[in-house]
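> predicted model and sequence follow; I will ask about them next.
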Amino acid sequence: MALPSSPFTSKASAFHIPAESNPPCSLLQKHPSQSLLSGCKNMENLKQIHAQFIKFGLHNTHFGLSKLVGFCALSPYGDSNYALLIFDAIENPTEILWNTIIHGYALSSNPELALEFYVKMVSLGNYPNSYTFPSLFKSCKKLMAAQIGKQVHGCVLKLGLDSYVHIHTSIINMYAQIGELGHARQVFEKSSFRDAVSFTALIGGYVSRGCLDEARVLFDGIPVRDVVSWNAMISGYAEVGRFGEALSLFENMWKLNVTPNESTLVSVLSACARSAGLQLGKRVDSWINRNGLDSNPRLANALVDMYAKCGEIDTARSLFDGMEVKNIVSWNVMIGGHTHVSEYKEALAVFRHMQLERVEPNDVTFLNILPACAQMGALDMGRWIHVYINKNCHHLQNSSVWTSLIDMYAKCGSIESAKQVFFGLETKSLSSWNVMISGLAMHGNAHGAIDLFSKLIEEGIEPDDVTFVGLLSACSHGGMVELGRLHFSSMVQDYKIQPKLPHYGCMIDLLGRAGLFDEAKSLLACMDIEPDGAIWSSLLGACRIHGNLELGEYAACSIFKLDPNNHGAYVLVSNIYAGAGRWNDVARIRTMLNDNGLKKVPGCTSIELDSVVHEFLVSDRTHPQSEDIYRMLDEIDRRLEMAGHVPNTSEVHYDMDEEWKEGILSQHSERLAIAFGLISTKPGTTLRIVKNLRVCGNCHSATKLISKIFNREIIARDRNRFHHFKDGCCSCMDYW
DNA sequence: ATAGGGTTAG
């Protein structure tokens, strides 16, 4: 096999190469150390190549140095400090070297250094040329420095360089992205040549302002469109949620045989993801496979996201599991995918996996994982994230993360920690006020929620509809009829906020619980939207408390029209019949339930221990420590009995609560979780449990006693609210 | 040899 001849043997040695002159390129391009640069993927490698350059004397040539500096300054694998090190050692850098360094800084996260170096370059007597200015405009754009940009534009005109196509386009791009669309348009129209690139630069300005129709007119006017023009338009439509137009444009592009590239496919898959476009998404997937692009990390991420958002979580998961290289986006995609379809346990598992692989989470990770912690009551995990953020994210700008943290603490039962985060915030976003108010409401601290609302008003912040949901639910949980009415009418009259379903829901719940059925009915009658199942359910619940048979039947019928399989409604209406002694009707409902084969949502309670969430179903024996748990259950029963607790077995026959027919009361899921908590934690530790259904009356009174007997604070979240059990009492004052 | 437009997760 013939080896390629070295440029420095025989023929090459005929050339005399002076140290400071540029040798013929043809020779150097063939040199092994030269071709190594194009395959260089990290700085270690670069330093070896640098050594080779020195060995062959290339470090004395501006050509060789330009190549080295170019890699260090421009490559994503480079290192601008190393570039500067080489650059500073050069006695008289050429314009090319200056341009390379300036370009490198323009691409970096410190684009102001590009401008600094430009000033230095000129002050040392070098002349900027057509290669210098595009980097300067890019820097101005990144810095949003309109004034400096205009000054640099002035320099270009003075030097007569404005007709260079690269400069011309970078000026349009700068003005377009900096909010000076008029200037961009002017430069564009004054010039004699307009190609796809300059068109697209201008289009970008319209797109970033959301002016898609103006952008489209320009796009349609491009003489010869290239793939980037298509991408700009497609991603523009996708960005503002005009998915149909984004996707039909993509179909057009496909028909015209323009080959999509990575950017096109990423934008299209994201549009599919956000518009449930599974069919097209699958076609794109198979195209990606056919063209061997399936190992492209960005495309793989986009595919996982698309499948997850289109409901094919299992396809998404198997793609994710099969990915050889996972980056932070991959993990976030996957965690978000599970959260999106309410698979919170899976989301937490993926996050734990990510921790084990030592992948650093970022703000998007937190925004995806914190709601899963909140849902599952995974307080330890939530705390870990909070500590992590305090330790590692000093420059966290994303206020939503703080809001999510407050929400997580509140929903995990740690309202004190929620308050600490909230009051520690320097700037409080409206959402942070909102989650804090709802959090206090959830915990039954109605006065706290109402006080906080007053504070918000005092600070001159305008509340929104979400604020009022929290406020009204506080009134409802606290049974504050007068205040509820007041705030409801103030919302409409003073703040011009149209009540939505949740607002009506709170009011009807409030009025119903207080037995004010006439007022509840007239509110129902004047609603401008159809009441939903939740509203009828709270009315039905109120009817049960007050034994209102007639309205209860009506509410139940309304629920069955909307949702014939609503198990809870059958139970409630049956309880109303039982209370009125209408045993035939009780039996009739029970038969209906059986005949319809209605499956209730099984009651499930979870408790977190050392960042692991343990879930229990009624009479569950699947837990590895089941034996110990049941031993503890017996102990609890024994001590409850000693304390005089009488299980309400006589009522079980007719008072069908939500865990009706699920067997022995003392094996309800919350009892198992509490028993597990008691044997797994040190005496005195607060137990936090999360139940998916409303807590039953029996367990409620039992838990009150347990808190006293075992001297434990027990914080229980049920479907509606929190119960803080302490010293034999519950914070809900038996009102839930 | 160094220079222009579009790019993903919430």
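Nice, I can see it.
> now residue A:607: which helix or strand?
strand A:604-609 (DSSP states H and E).
> that strand pairs with which strands?
Based on DSSP bridges, the pairing partners of strand A:604-609 within the sheet are strand A:612-617 (antiparallel), strand A:687-691 (antiparallel).
> report the buried residues of that strand.
A:604, A:605, A:606, A:607, A:608 (16 or more other Cβ atoms under 10 Å). Where you see a C-beta, it was placed from the backbone N, CA and C, and this is true even at glycine.
> measure the first one to DNA strand B for me?
Applying Cβ to the nearest atom of the strand, to the nearest Å, the value for residue A:604 to DNA strand B is 26 Å.
> next one: the last one
Computed with Cβ to the nearest atom of the strand, the distance linking residue A:608 and DNA strand B is 23 Å.
> export the host helix or strand of residue A:73 as PDB, just CAs?
Element membership of residue A:73 [criterion: DSSP H and E] is helix A:62-74. Extracted C-alpha coordinates of helix A:62-74, given in PDB (Å, rounded to 0.1, in the frame of the first residue of the first chain):
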ATOM      1  CA  HIS A  62       0.500  32.500  10.400                       C
ATOM      2  CA  PHE A  63      -1.400  29.900   8.500                       C
ATOM      3  CA  GLY A  64      -0.700  27.200  11.100                       C
ATOM      4  CA  LEU A  65      -1.500  29.600  14.000                       C
ATOM      5  CA  SER A  66      -4.700  30.700  12.300                       C
ATOM      6  CA  LYS A  67      -5.800  27.100  12.200                       C
ATOM      7  CA  LEU A  68      -5.000  26.400  15.800                       C
ATOM      8  CA  VAL A  69      -6.600  29.700  17.000                       C
ATOM      9  CA  GLY A  70      -9.500  29.000  14.800                       C
ATOM     10  CA  PHE A  71     -10.200  25.600  16.400                       C
ATOM     11  CA  CYS A  72      -9.800  26.900  19.900                       C
ATOM     12  CA  ALA A  73     -11.900  30.000  19.400                       C
ATOM     13  CA  LEU A  74     -14.600  28.700  17.100                       C
END
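> got the CA coordinates for stretch A:622-640 in CSV?
The C-alpha trace of stretch A:622-640 is given here as CSV (Å, rounded to 0.1, in the frame of the first residue of the first chain):
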residue,chain,number,x,y,z
THR,A,622,-47.4,-6.9,48.9
HIS,A,623,-45.0,-4.8,50.9
PRO,A,624,-41.8,-6.6,51.8
GLN,A,625,-42.3,-5.6,55.5
SER,A,626,-45.9,-6.7,55.4
GLU,A,627,-45.6,-8.9,58.5
ASP,A,628,-44.3,-6.1,60.7
ILE,A,629,-46.9,-3.7,59.3
TYR,A,630,-49.7,-6.1,60.2
ARG,A,631,-48.3,-6.7,63.6
MET,A,632,-48.3,-2.9,64.1
LEU,A,633,-51.9,-2.7,62.8
ASP,A,634,-52.9,-5.2,65.6
GLU,A,635,-51.1,-3.1,68.1
ILE,A,636,-52.9,0.1,66.9
ASP,A,637,-56.3,-1.7,67.1
ARG,A,638,-55.5,-2.8,70.6
ARG,A,639,-54.5,0.6,71.8
LEU,A,640,-57.4,2.3,70.0
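> with that, I have no additional questions.
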